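Peer 1: I need the structure of the sequence given here:
(one chain, ligands or ions: 1)
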Amino acid sequence: MIKISGFKIYKHQSSNRIINIQIEDEVLKKLLEKFSRFDLTAIEYKPFTRFTIAKYLDDSSDNQLSKLLNEILNDRNSGCFVIQPENLNSKIDDVFLVKLSTAVAHLIGNPNHDAMAGKYYARFHVKHEDKSDSYLRKAYTNMDLHTDGTYVKEITDWLLMSKLEEKNVEGGETAMLHLDDWEYCEELFNDPIGKQNFVWGSPKSKNIDYKVEHPIFFSDQEGKPQISYIDQFPEPKNMEQGLFLQKLSDSLESSKKKIITKLPVGSTIVANNYFWLHGRKPFKENLGLSRELLRIRGKFFT
Ligand SMILES: [Fe+2]
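Peer 2: This is a model prediction of the structure:
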């Protein structure tokens, strides 16, 4: 594994495909100082400041980190990394973590506008009580394996998820599945129905007032399977499409190759959105349950 001074880089404990990157205290100290140049309003209102903090992060690795992150995401055998402070302290708060997530994202590509939040990133809570219209905030239901960006026009090459805070949490682990590990990939990928156009809509909270059409499966440049799928939003046109979606959903959820992992507070997971699916296990019921997450989705720099 490549060595970068100030960072600890190794294979993740739950999968050889996922690379874990820890930022050492010395680097964090410098980043805390440099990031304090901008408040969150500046970061949100002035897109160029996001590149400035991304460059601060890359500078701290002698410009090695951006290279590594892009190599990982474009490597079919990996395509996923977790980056986190090696040690947490009181200065590593939600504001710093938003900036760190922003910096990581801007070493990879440009974020898409997140219509749910009205800006380039979304912060949201998962709590005991929920009245929303999607699975995102339903704490006690399994969030089935899916990819992001299925119902929007924007290209969604990658997604980033950070854990900002958590209280009274048991369960709610992250589930990840790489297409090449999935037992039913070949069968479903080779079924012509999966390559038909499906209609994708979304509930009100997503703030998307149009529908899109695209197939579930498509090939990369080498003919390897890629997927764009979520259970809640495709609108099957007929029995054939309905039954295909049911089969797909069942064979994803019954996979024995899912990687179930507990991501610590302060960590950010970034995955290639074409061959990694992600989901969440149900939480254990607790009135005081609270988890705050941040997400950014985007496309690679071209
Ligand atoms: Fe998602």
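
Peer 1: and Gln22, how many residues sit next to it?
Peer 2: By other CB atoms under 10 Å, the residues close to Gln22 number 18. For the C-beta atoms, the positions are set from N, CA and C on the backbone; glycine is no exception.

Peer 1: biggest helix in this structure, by residue count?
Peer 2: For the chain, the helix that runs over the most residues, judged by DSSP state H, is helix 239-253.

Peer 1: Which strands or helices does that helix pack on?
Peer 2: If you count contacts as 3 or more CB pairs under 8 Å, 6 or more residues apart in numbering; DSSP states H and E, helix 239-253 packs onto strand 143-146, helix 185-189.

Peer 1: Can you name the residues in contact with stretch 193-203?
Peer 2: Contact with stretch 193-203 is made by 133-134, 150-151, 188, 208, 211-218, 232-237, 240-241, 244-245, 248, as judged by CB atoms under 8 Å, 6 or more residues apart in numbering.

Peer 1: Can I get the buried part of those residues as one ChimeraX selection?
Peer 2: Of these, the buried ones go into a single ChimeraX selection, burial set by 16 or more other CB atoms under 10 Å:
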select :134,150,151,188,208,212,216,217,232,233,234,241,244,245,248
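
Peer 1: Just list the residues touching Val270, thanks.
Peer 2: With CB under 8 Å, 6+ apart, Val270 has these contacts: 69, 73, 80-83, 104-105, 108, 158-161.

Peer 1: Kindly provide the distance from it to His278.
Peer 2: Using CB to CB, to the nearest Å, Val270 is found at 11 Å from His278.

Peer 1: Need the residues touching each of those two.
Peer 2: Common neighbours of Val270 and His278, counting by CB under 8 Å, 6+ apart, are 159, 161.

Peer 1: what about Gly288, neighbour count?
Peer 2: 9.

Peer 1: From Lys67, how far off is the nearest residue to it once chain neighbours are set aside?
Peer 2: Once flanking residues are discounted, Gly288 sits nearest to Asn168: 4.1 Å by CB to CB, 6 or more residues apart in numbering. To Lys67, Asn168 is 40 Å away according to CB to CB.

Peer 1: Please save the CA atoms from stretch 161-181 in PDB.
Peer 2: In PDB, the C-alpha atoms belonging to stretch 161-181 read as follows (Å, rounded to 0.1, in the frame of the first residue of the first chain):
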ATOM      1  CA  MET A 161     -21.400  10.100   3.200                       C
ATOM      2  CA  SER A 162     -20.100  11.500   6.500                       C
ATOM      3  CA  LYS A 163     -21.200  10.700  10.000                       C
ATOM      4  CA  LEU A 164     -21.300  14.000  11.900                       C
ATOM      5  CA  GLU A 165     -22.800  12.900  15.200                       C
ATOM      6  CA  GLU A 166     -24.500  10.000  16.900                       C
ATOM      7  CA  LYS A 167     -26.300   9.400  20.200                       C
ATOM      8  CA  ASN A 168     -28.000   6.400  21.700                       C
ATOM      9  CA  VAL A 169     -27.300   4.300  18.600                       C
ATOM     10  CA  GLU A 170     -27.300   0.600  18.400                       C
ATOM     11  CA  GLY A 171     -27.600  -1.100  15.000                       C
ATOM     12  CA  GLY A 172     -27.900   1.200  11.900                       C
ATOM     13  CA  GLU A 173     -24.700  -0.300  10.400                       C
ATOM     14  CA  THR A 174     -23.700   0.600   6.900                       C
ATOM     15  CA  ALA A 175     -24.300  -2.200   4.300                       C
ATOM     16  CA  MET A 176     -22.100  -2.200   1.200                       C
ATOM     17  CA  LEU A 177     -22.100  -4.500  -1.800                       C
ATOM     18  CA  HIS A 178     -19.700  -4.600  -4.700                       C
ATOM     19  CA  LEU A 179     -21.300  -5.800  -8.000                       C
ATOM     20  CA  ASP A 180     -18.400  -8.200  -8.700                       C
ATOM     21  CA  ASP A 181     -19.100 -10.000  -5.300                       C
END
